[in-house]
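Novice: Requesting a structural model of the entry that follows:
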Amino acid sequence: MSEYEPTLPAPDHLSEAHTTIWNELVSAIEDNGRELKRSDMPALESLVQATDQMRKMDKVLETVDPFVALGRNGAIQTHPAIGIRLKCWDHIRKLGPQFGLTPKDRTNLNKIEPAKTDDLVLD
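Specialist: So this is what the prediction gives:
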């Protein structure tokens, strides 16, 4: 079985972990019929970084009680990894629609039809 080769390869500066996530995302996006272009790279890279950070926070939260952390004054608060994870998820949720990452997003992408040359008016 051959390894997946994305039509939009990961930038050289990405780490091995980020390249793996890049390939996962590009594969999913392309499977949904979305053609990626070089202009998508900055947003896709941001999506990769947020996905990686969220996964790292998930690993942290597997090892601690996520709802109990002592603050500076000994007050009980949620673990900081929860806040970081939520910010990452929010970032992913905001970028998802442009890549059609959920069924609803794909429906909205399918509603956008390219302009027909007959419809263009040149003055």
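Novice: What is the neighbour count of residue 79?
Specialist: 17 (other Cβ atoms under 10 Å). C-beta coordinates here come from the backbone N, C-alpha and C atoms, glycine included.
Novice: Mind pulling the model confidence for it?
Specialist: Note on residue 79: pLDDT of 86.
Novice: For it, give me its contacts.
Specialist: Residue 79 makes contact with 60-61, 64-69, according to Cβ atoms under 8 Å, 6 or more residues apart in numbering.
Novice: Now, of those, which are buried?
Specialist: When the contacts of residue 79 are checked for burial by 16 or more other Cβ atoms under 10 Å, the buried set is 61, 66.
Novice: mind exporting whichever helix in the chain runs longest as PDB, just the C-alpha atoms?
Specialist: As assigned by DSSP state H, the longest helix anywhere in the chain is helix 41-63. These are the backbone C-alpha positions of helix 41-63, laid out as PDB (Å, rounded to 0.1, in the frame of the first residue of the first chain):
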ATOM      1  CA  MET A  41      -1.600  27.200   2.300                       C
ATOM      2  CA  PRO A  42      -1.500  29.900   5.100                       C
ATOM      3  CA  ALA A  43      -5.000  29.000   6.300                       C
ATOM      4  CA  LEU A  44      -4.300  25.300   6.000                       C
ATOM      5  CA  GLU A  45      -1.100  25.700   7.900                       C
ATOM      6  CA  SER A  46      -2.900  27.600  10.700                       C
ATOM      7  CA  LEU A  47      -5.500  24.700  10.800                       C
ATOM      8  CA  VAL A  48      -2.600  22.200  11.100                       C
ATOM      9  CA  GLN A  49      -1.100  24.100  14.000                       C
ATOM     10  CA  ALA A  50      -4.400  24.400  15.800                       C
ATOM     11  CA  THR A  51      -5.100  20.700  15.300                       C
ATOM     12  CA  ASP A  52      -1.700  19.700  16.600                       C
ATOM     13  CA  GLN A  53      -2.000  22.000  19.700                       C
ATOM     14  CA  MET A  54      -5.500  20.700  20.400                       C
ATOM     15  CA  ARG A  55      -4.200  17.100  20.200                       C
ATOM     16  CA  LYS A  56      -1.400  17.900  22.600                       C
ATOM     17  CA  MET A  57      -3.900  19.500  25.100                       C
ATOM     18  CA  ASP A  58      -6.000  16.300  24.800                       C
ATOM     19  CA  LYS A  59      -2.900  14.300  25.900                       C
ATOM     20  CA  VAL A  60      -2.300  16.600  28.800                       C
ATOM     21  CA  LEU A  61      -5.900  16.300  29.900                       C
ATOM     22  CA  GLU A  62      -5.700  12.500  29.900                       C
ATOM     23  CA  THR A  63      -3.000  12.700  32.600                       C
END
